[in-house]
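A.B. asks: Mind looking at a prediction? Sequence and model below.
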Amino acid sequence: MSERDATEELTELRLQIDQLDEQLVDLLKRRSAVTKKVGEVKSRTGMPIYVPEREAELLERRMAQALRTGVSPSLVEDLLRRIMRESYATQDGQFLQVNPAIQKVVIVGGRGALGRIFVELFERSHYPVTIVEQEDWPRAPELFRQANLVLVCVPITLTSTVINQLPPLPDDCVLADITSIKESPLSAMMVKHSGPVVGLHPMFGPDSKGMVKQVVVVCDGRQSEHYHWLIEQMRVWGAKVQRCSAKEHDEAMAFIQVMRHFNTFVYGAHLAHEAPDLRRLTEFSSPIYRLELAMVGRLFAQDPKLYADIIFNDPRNVRLLENFHQRFGEALDLFRTGDKADFIKQFLEIGNWLGDYAKKCLVDSKKLLLKADDDQMLR
């Protein structure tokens, strides 16, 4: 076959691909129209946006179909997960109001980054919302009067102070906070208010579009029957609710937030001190290192006060970080002495401790790495 014939054949095949791609876009448009109607039905009935069983069933059926027809099941899974993520966004309109008896929701710090998300969610669920900021405090008795829910959405360092300064609340008013620590604010709320109290920790940042598939940790305080509606409302918004004690929450956050953020801070400090060429680092990097470097960049692109508050809030976390520092030194000693055998021995012991979770992480991370590689190729 001549080069000219090959070029003509390729041109024809590419035209066919273009036509198929046009059909795909049209199908996506039609699917989006259907998912919007699904969202309307859910908003009328109170069904949650995210139903994990339905998602799992859909993926299983389509992947089985792919296998039967000779299409890569992993390709179909990747496509459908991305399509479904967009579908959840199109369903994210108005929500059912779980408790129509609620006449007043007061959000302290409702103009803050995370507070605005809650204001929007409550308003889209047709609850009357009152926002209270620092300049509104002289009018506090009036603003909090007849409140059914008071949600404190202020920085960690101010949370307990703001709680202590609240005016007397109605006996049946639910008092809640969304701080990333729970023992101290929950204790302050229990002392301040004799009515229903609950501690919440939304495990997402202000760049989130809502609560779909987002974890919200619930730490029960008092009279849970009075705030059951609030938990159900968050489920309607698409949240995955996890319950635990305030003590268990704070112990877990020491690993999930404090240790992780501090480690990233130190890594960033080391990079800044050594001053390598970041552009060249990314050009030479595998997808996994680009993701790790991206997490460093992500941290330093955000509000430093927020992370300082998280890390410095509880002096008990110093001991955890000191233990980490000690183990880093012990690992460095293995390198200094050239003790590869002990390194391998410890490596295997840690792998055994992780067990099946390590194998699951290997599978899950491959998907992330492929996506990172695709993004890099587009630049």
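C.D. replies: Looks like it came in fine.

A.B. asks: tell me which element the residue nearest to Ala66 when sequence neighbours are not counted falls in.
C.D. replies: Leaving aside its chain neighbours, Ala66 sits nearest to Val76 (4.2 Å; criterion: Cβ to Cβ, 6 or more residues apart in numbering). The C-beta positions use only the backbone N, C-alpha and C, and glycine is treated the same way. Per DSSP states H and E: Val76 is located in helix 73-91.

A.B. asks: What's the first helix or strand after that helix?
C.D. replies: strand 105-108.

A.B. asks: Could you give the average pLDDT over that next one?
C.D. replies: The average pLDDT for strand 105-108 rounds to 98.

A.B. asks: quick one: strands adjacent to that strand?
C.D. replies: Using DSSP bridges, strand 105-108 pairs in its sheet with strand 129-132 (parallel), strand 149-152 (parallel).

A.B. asks: what comes up buried for stretch 271-283?
C.D. replies: Across stretch 271-283, burial judged by 16 or more other Cβ atoms under 10 Å covers Leu271.

A.B. asks: for that stretch, how far is the first residue from the last?
C.D. replies: 16 Å (Cα to Cα, to the nearest Å).

A.B. asks: which outside residues touch that stretch?
C.D. replies: Tyr289, Arg290, Leu293, Val296 (Cβ atoms under 8 Å, 6 or more residues apart in numbering).

A.B. asks: from these, which single one is nearest Ser208?
C.D. replies: The shortest approach to Ser208 among those belongs to Val296, at 20.8 Å (Cβ to Cβ).

A.B. asks: Now do that closest one against Val266, distance only.
C.D. replies: 10 Å (Cβ to Cβ, to the nearest Å).

A.B. asks: Which one's more surrounded, the two?
C.D. replies: Shown here are Val296 and Val266; by other Cβ atoms under 10 Å, Val296 has more neighbours (17 against 14).

A.B. asks: show me the contacts for that one.
C.D. replies: Taking Cβ under 8 Å, 6+ apart as the criterion, Val296 is in contact with Thr264, Tyr267, Gly268, Leu271.

A.B. asks: In TSV: these, plus pLDDT, secondary structure and distance to Asn323.
C.D. replies: Putting the contacts of Val296 into TSV (pLDDT from 0 to 100; DSSP: H, G, I helix; E, B strand; the rest coil; distance: Cβ to Cβ, whole Å) gives the following:
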residue	pLDDT	secondary structure	distance to Asn323
Thr264	95	helix	18
Tyr267	94	helix	18
Gly268	95	helix	21
Leu271	95	helix	24
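
A.B. asks: Quick one: buried ones out of those residues?
C.D. replies: With burial judged by 16+ other Cβ under 10 Å, the buried subset of the contacts of Val296 is Thr264, Gly268, Leu271.

A.B. asks: Which single one of these is nearest to Gly112?
C.D. replies: Checking these one by one against Gly112 (Cβ to Cβ), the nearest turns out to be Thr264, at 23.4 Å.
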